[in-house]
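1. sequence first, predicted model second:
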Amino acid sequence: MAENMSITPVLRDLDTGDSAVFPIDRLRSVRTIASEVGVMYNRKFKTSANRVERTITVTRVK
């Protein structure tokens, strides 16, 4: 899990099909940054929250 890492470089470096997991308390930041990185670099991300494990997973789909 990428707890102490900056979100932007982690998402920017993902290859298509790769995922990154963050703690759920960073939910808003992760979703906002995924949207911004997608627009800047012409990429598409999918996010999913796991309420049991309290994590958010971001997967690069394009």
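-> Good, I have the coordinates.

2. quick one: the helices in this structure?
-> Counting by DSSP state H, the chain has these helices, from start to end: 7-12, 27-41.

3. pull the contacting residues for the nearest residue to residue 15 once chain neighbours are set aside.
-> Nearest-residue entry for residue 15: residue 60, 6.8 Å, with adjacent residues in sequence omitted and distances by Cβ to Cβ, 6 or more residues apart in numbering. All C-beta atoms are positioned from the backbone trio N, CA, C, and that covers glycine. Contact partners of residue 60, counting by Cβ atoms under 8 Å, 6 or more residues apart in numbering, are 11, 14, 15, 16, 17, 18, 19, 43, 44, 45.

4. what subset of those residues is buried?
-> The neighbour-count criterion (16 or more other Cβ atoms under 10 Å) marks 11, 14, 43, 45 among the contacts of residue 60 as buried.
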